[in-house]
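Colleague: Dropping the sequence and predicted coords here.
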Amino acid sequence: MGDRTVYDELGIPRVVNATGTKTRIGGSRIRPEALDAMKRAANHFVKLSDLQAKASEVIADATGAQAGYVTSGADAGMLLSAAAAIAGNDIAVMDKLPQTDGIADEIIMPRTHRTGYDHAFRAAGATIVDVGTNDRVLGTGSTAVEPWEIENAISERTAAIGYVQKPYTEPPLSEVTDLAAEHDVPVIVDAAAELPPKRNLRTFTEAGADLVVFSGGKAIRGPQTTGIVAGRRDLIQSIALQNLDMHAANQVWEPPSQLIDVEAIDGVPRQGIGRSLKVGKEELAGLIVALESFLESDPDAMRDHWHREAQLIADAIDSATGVETTLNSGGEISVASEVVVRIDPETAACTATELVGDLRSETPRVFVGADRLDENVVTINPMCLDEPEREYVVERLRTHLELA
Ligand SMILES: *Cc1c(COP(=O)(O)O)cnc(C)c1O
């Protein structure tokens, strides 16, 4: 905790992260071996397409998909997946995106799968067609969407079906991929935050998804600006063609054959819609190493470690007046165990909202989970805390709750 950080040198407050992997405060702590790979990658040159071809192999091995690609985040992976679904390997369509007049550009999504992140689909030129209802959330019906409602929306304008994977999303992915396959429509799965468990790297591909998107900057703990797309070889080829700087004289155009089949394409494409989603050699090398480490990691040991850390935090603040702590032991909702701190606004030293606001505005800033303030609940997630930081967070909590 004591070391002077680069942020101190810049004169801005650093953040002690007690809320888990949140992009707006820097995501996760990159694996040291990935950081080392980035440093070493920076000193030498390489053909990015060769490096993407290698990444494709590693991702294919890890996921069971035919091929893979490294993007500048899961969101970028969604944009590129939509672009691939719309353009296929037609370089004239690639050239037009995001303009789609006269081109099949619809992505069908269950209404309850809509998130702010689907702007990425629209940015590629897609029109989202949402189906089903919000009945489950409102308590006005027992299901949100029926498979026939998705099927009914498929037409000659359809480019893909978009599916957001969560342990509780419906209908089951395999029902959607079955009906999609009957109509020869690709299914794009946003599984950005669905790791761990490690086996989820394979689960959605095995369930028949054509493209599956994961974030590289969450539990994989790769570079913040990375994501992974795993999927069908022809669609990954389209992603590569729309992301990489391809343009070269035809005679010397030699993209790696594992990634791009030159025979299948009508010429050399120019910079595509994905060109602004650049991935550098440093990020590529870092992500490959991080993914390999993630595959070797022991999830049980990590889960036990985080659970002990959460327990320590809970025990240290539990006796404060008006405070009740419980442990949410990870699993379906969150990767690590979280401390759920319920604060009685009448009797505690401060309200949940005051606690969150005060912690955020001190130096260093302390970020705790604030998604449940309407229930007077603050959550503490130990995933991004080292031991001195955990001690510091406990000290700050005890001070604000007037235990210290
Ligand atoms: C985090 C997240 C994303 C975005 O991931 P990035 O790697 O930050 O681009 C997209 N979709 C969902 C569901 C997410 O949780």
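Modeller: Okay, I see it.

Colleague: Any residues of the stretch 201-350 of the chain in contact with the ligand? List them.
Modeller: Neighbours of the ligand within the stretch 201-350 of the chain, by Cβ under 6 Å from any ligand atom: 215, 217, 227. Using the backbone N, CA and C atoms, a C-beta is placed for each residue, glycine as well.

Colleague: and the closest residue to Asp135 other than its chain neighbours, what pLDDT?
Modeller: Nearest residue to Asp135, sequence neighbours excluded (Cβ to Cβ, 6 or more residues apart in numbering): Gly141, at 3.0 Å. Listed pLDDT for Gly141 reads 86.

Colleague: Which parts of the stretch 301-404 of the chain are helices?
Modeller: For the stretch 301-404 of the chain, the helices defined by DSSP state H, counting those that start in this stretch occupy 352-361, 387-400.

Colleague: which regions of this protein lie under the pLDDT threshold?
Modeller: Across the chain, the ranges flagged by pLDDT under 70 are 330-334.

Colleague: Domain-wise, how is it divided?
Modeller: According to automatic domain parsing, the chain comprises the domains 6-26+298-400, 32-296.

Colleague: Could you dump those domains into a markdown table and include mean neighbour count?
Modeller: Shown next, in a markdown table, are these (neighbours: other Cβ atoms under 10 Å):
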| stretch | mean neighbour count |
| --- | --- |
| domain 6-26+298-400 | 17 |
| domain 32-296 | 20 |
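
Colleague: Which residue ranges of the stretch 201-350 of the chain form strands?
Modeller: Per DSSP state E, counting those that start in this stretch, the stretch 201-350 of the chain carries strands over the ranges 211-215, 227-231, 323-328, 338-343.

Colleague: would you list those in JSON lines and tack on distance to Phe367?
Modeller: Output for the strands of the stretch 201-350 of the chain, formatted as JSON lines (distance: least, Cβ to Cβ, whole Å):
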{"stretch": "strand 211-215", "distance to Phe367": "19"}
{"stretch": "strand 227-231", "distance to Phe367": "23"}
{"stretch": "strand 323-328", "distance to Phe367": "18"}
{"stretch": "strand 338-343", "distance to Phe367": "13"}
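
Colleague: So which of the ones you listed is nearest Val46?
Modeller: Set against Val46 and scored by Cβ to Cβ, the strands of the stretch 201-350 of the chain come closest in strand 227-231, at 19.2 Å.

Colleague: Quick one: work out the angle between that closest one and strand 211-215.
Modeller: 160 degrees (axes from the mean of the first three to the mean of the last three Cα atoms, to 10 degrees).

Colleague: Give the partner strands of strand 227-231 in its sheet and their orientations.
Modeller: Under the criterion DSSP bridges, strand 227-231 sits next to strand 67-71 (antiparallel), strand 211-215 (antiparallel) in its sheet.

Colleague: How about residues contacting that strand?
Modeller: 59-60, 62-63, 65-77, 80-81, 192, 201, 205, 209-217, 220, 236, 239, 287, 291 (Cβ atoms under 8 Å, 6 or more residues apart in numbering).

Colleague: Dump the C-alpha coordinates for stretch 55-67 into PDB.
Modeller: Taking Å, rounded to 0.1, in the frame of the first residue of the first chain, the C-alpha atoms of stretch 55-67 are listed here in PDB:
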ATOM      1  CA  ALA A  55      -3.800 -17.000 -31.000                       C
ATOM      2  CA  SER A  56      -6.500 -18.700 -33.100                       C
ATOM      3  CA  GLU A  57      -4.800 -22.100 -32.400                       C
ATOM      4  CA  VAL A  58      -4.500 -21.500 -28.700                       C
ATOM      5  CA  ILE A  59      -8.200 -20.300 -28.500                       C
ATOM      6  CA  ALA A  60      -9.300 -23.300 -30.600                       C
ATOM      7  CA  ASP A  61      -7.500 -25.700 -28.300                       C
ATOM      8  CA  ALA A  62      -9.000 -24.000 -25.200                       C
ATOM      9  CA  THR A  63     -12.500 -23.800 -26.400                       C
ATOM     10  CA  GLY A  64     -13.100 -26.600 -28.900                       C
ATOM     11  CA  ALA A  65     -14.100 -24.100 -31.500                       C
ATOM     12  CA  GLN A  66     -12.700 -24.300 -35.100                       C
ATOM     13  CA  ALA A  67     -10.800 -21.000 -34.700                       C
END
